[in-house]
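> 3D model of this:
(one chain, ligands or ions: 1)
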Amino acid sequence: MSKSAPESGKPKSPTKNIPVAPTSQPASALASALQIRPVRRGDLNAVIEMDAMVTGIEKRDYWNSLYHRYANAVATGQHFLVATSGDEVIGFVIGEVRDWEFGSPPCGWVFAIDVRPDVRLAGTATHLLQAICQGFMRAGVSKVRTLLSRENTLILSFFRSQGMMIGPFIPLEMDLES
Ligand SMILES: CC(C)(COP(=O)(O)OP(=O)(O)OC[C@H]1O[C@@H](n2cnc3c(N)ncnc32)[C@H](O)[C@@H]1OP(=O)(O)O)[C@@H](O)C(=O)NCCC(=O)NCCS
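Alright, predicted model coming up:
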């Protein structure tokens, strides 16, 4: 990792409109304007490739099923957004509003956010998160949550930089014996 985690919990100023132009450290691959928009079927290969790059596993069936569930479901608070630069998909974010999960009032959950490794640190994930949060706010919620692996310091640094703090829940798990 090239940078240390930011110390402040202060959120960055929100982006008011979509599409947006990158504001910090524009990488050459982002020379043309950054756009955030709902996913289209033609974006799926790029999303699958990006996820495989990050996780090391290609999950084509999983992404196809996610596409069917989220692509046209904004009205129910589900969002699958991509960031594009020119014709290229360079990032994505997925999340939804969940009502009374774990006993908490409706809030937005971010399940996944990824930016292509060669264009990171140019503000793309910041814009993706702001766009999905705008969608959550339009759905009437005022809180956003996520869950992440405690080993993943990169994603932790990113969410901390956006103003996210430790929440009130504790994840628990156990092995199921057959
Ligand atoms: C985390 C990730 C989404 C960030 O994307 P990005 O477009 O590079 O993020 P941004 O440029 O918007 O960065 C915003 C802030 O996050 C923090 N940040 C991002 N990358 C960082 C890094 N490598 N080290 C430390 N802080 C970092 C910084 O505070 C940065 O602000 P700054 O550039 O002004 O210092 C990207 O690195 C990624 O896709 N990583 C893999 C994600 C992953 O593991 N996904 C699976 C679980 S969902």
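
> can you name the residues that contact His79?
His79 makes contacts with Pro38, Tyr70, Val93, Ile94, Gly95, Glu96, Ile132, Gly135, Phe136, as judged by Cβ atoms under 8 Å, 6 or more residues apart in numbering. (C-beta placed from N, C-alpha, C; glycine too.)

> toward the C-terminus, what is the element adjacent to the longest helix anywhere in the chain?
Determined from DSSP state H, the single longest helix within the chain is helix 124-138. The C-terminal neighbour of helix 124-138 among helices and strands, as given by DSSP states H and E, is strand 144-146.

> could you give the average pLDDT over that next one?
When pLDDT is averaged over strand 144-146, the result is 97.

> now do stretch 58-66
Per-residue scores along stretch 58-66 average to 94.

> please state the offset of the strand ranked longest in the chain from the chain centre?
Counting residues, the longest strand found in the chain (DSSP state E) is strand 88-98. Its chain's C-alpha centre and that of strand 88-98 lie 5 Å apart, by Cα atoms, centre = their mean, to the nearest Å.

> one step back: need the contacts of His79 in CSV (columns: distance to the ligand, neighbour count and pLDDT).
CSV is the format used below for those (distance: Cβ to the nearest ligand atom, whole Å; neighbours: other Cβ atoms under 10 Å; pLDDT from 0 to 100):
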residue, distance to the ligand, neighbour count, pLDDT
Pro38, 19, 16, 94
Tyr70, 15, 20, 90
Val93, 9, 27, 97
Ile94, 9, 23, 96
Gly95, 10, 26, 96
Glu96, 14, 21, 95
Ile132, 12, 23, 97
Gly135, 18, 22, 94
Phe136, 17, 22, 95
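
> could you find the closest non-adjacent residue to Gln136?
Quick fix: residue 136 reads Phe, not Gln. Using Cβ to Cβ, 6 or more residues apart in numbering and skipping residues adjacent in sequence, the residue nearest Phe136 is Gly108, 3.3 Å away.

> just list whatever residues bridge to the one you found.
Val97, Val144 (DSSP bridges).

> and the one 5 residues further on, by the same measure?
Under the criterion DSSP bridges, Ile113 forms beta bridges with Val93.

> ok, the nearest residue to Gly140 once chain neighbours are set aside - contacts?
Counting by Cβ to Cβ, 6+ apart, Gly140 lies nearest to Pro106, which is 7.4 Å off, once chain neighbours are set aside. Contact analysis of Pro106 by Cβ under 8 Å, 6+ apart lists Val97, Arg98, Asp99, Trp100, Ala139, Gly140, Val141.

> and Pro38, by the same measure?
So Pro38 contacts Ala71, Val74, His79, Phe80, Leu81, Val82 (Cβ under 8 Å, 6+ apart).
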